[in-house]
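**Q** below are the sequence and a predicted model; questions follow.
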Amino acid sequence: NAGVTQTPKFRVLKTGQSMTLLCAQDMNHEYMYWYRQDPGMGLRLIHYSVGEGTTAKGEVPDGYNVSRLKKQNFLLGLESAAPSQTSVYFCASSKTSQRVETQYFGPGTRLLVL
Amino acid sequence: DAKTTQPPSMDCAEGRAANLPCNHSTISGNEYVYWYRQIHSQGPQYIIHGLKNNETNEMASLIITEDRKSSTLILPHATLRDTAVYYCIVKDAGGTSYGKLTFGQGTILTVHP
């Protein structure tokens, strides 16, 4: 199993450009999450999904959109990138059958917005 | 979810036990204590979790005080590869917070040769 993978690993954008970050998991997990991590900070939840076709807002959702068209994929979109969105983005997934949740994280996408 | 307090940094000699404390004085009865770690530039990695009893797995041991207001993560024989930021997280097992892990600043553990 590859676990959780993220594409791309690194990207540079200009202010106002758009892009989509892809997260894929091969563990048949129902729940998927997008976090961002700024330098010297802990992770903050952007959006999450409890199943195919569903999404919900997390702690810092403004400026981002998400879609979960397939169970194994969770897409994070930036419609008009801003320098404040420069960050490292982590995707994670977890089972629903567990009463206690363990999240599995991807390697991260480093985004620089100029 | 209850708030946690951890020391910002700790040092440990290679081969010795690393004991990382966490205070969670407002923890409620249905909230679990989770530990994750993040090695530089990588995604966080689950270590261990517990509710009331002490727990042990292949990575670490978790000691939770009887009143559940604090806990200690123990890495029995720390190696250089254990150098990382360690996060103590408290959350319940269901309800509206299901799935939402709240990461604080964590403890930077540095293991020295």
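**A** Looks like it arrived, so ask away. Numbering: from 1, shown residues only, chains lettered A, B, ... in the order given.
**Q** just the strands in chain B please.
**A** Secondary structure of chain B (DSSP state E): strands at B:9-13, B:18-23, B:31-38, B:45-50, B:55-56, B:61-64, B:70-75, B:84-92, B:107-112.
**Q** show me which residues of the last one are buried.
**A** Which is strand B:107-112. B:Thr107, B:Ile108, B:Leu109, B:Val111 (16 or more other C-beta atoms under 10 Å in any protein chain shown). Heads up, the C-betas are built off the backbone N, CA and C, glycines and all.
**Q** if we ignore the residues flanking it in sequence, what's nearest the most centrally placed residue in chain B?
**A** Nearest residue to the geometric centre of chain B (C-alpha atoms, centre = their mean): B:Trp35, 3.2 Å. Once flanking residues are discounted, B:Trp35 sits nearest to B:Ile47: 4.3 Å by C-beta to C-beta, 6 or more residues apart in numbering or on different chains.
**Q** quick one: contacts for that neighbour?
**A** B:Trp35, B:Tyr36, B:Arg37, B:Asn57, B:Met59, B:Ala60, B:Leu73, B:Tyr86 (C-beta atoms under 8 Å, 6 or more residues apart in numbering or on different chains).
**Q** now render those residues as TSV, adding pLDDT.
**A** Shown next, in TSV, are the contacts of B:Ile47 (pLDDT from 0 to 100):
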residue	pLDDT
B:Trp35	95
B:Tyr36	95
B:Arg37	96
B:Asn57	95
B:Met59	94
B:Ala60	97
B:Leu73	98
B:Tyr86	97
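**Q** only whichever of those residues are buried, select them in PyMOL.
**A** Applying 16+ other C-beta under 10 Å to the contacts of B:Ile47, the buried members can be selected in PyMOL as follows:
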select buried, chain B and resi 35+36+37+60+73+86
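**Q** how about the contacts of B:Ile47, which pair is most distant?
**A** Spatially, the most separated pair among the contacts of B:Ile47 is B:Asn57 and B:Tyr86, at 15.1 Å (C-beta to C-beta).
**Q** hmm, back to that, next one: the residue nearest to B:Trp35 from B:Thr83, what distance?
**A** Computed as C-beta to C-beta, to the nearest Å, the B:Ile47 to B:Thr83 distance reads 14 Å.
**Q** quick check: residues of chain B near chain A?
**A** Remark: the part of chain B in contact with chain A comprises B:32, B:41-46, B:49, B:87, B:91, B:93-94, B:98-106, using C-beta under 8 Å from any C-beta of the partner chain.
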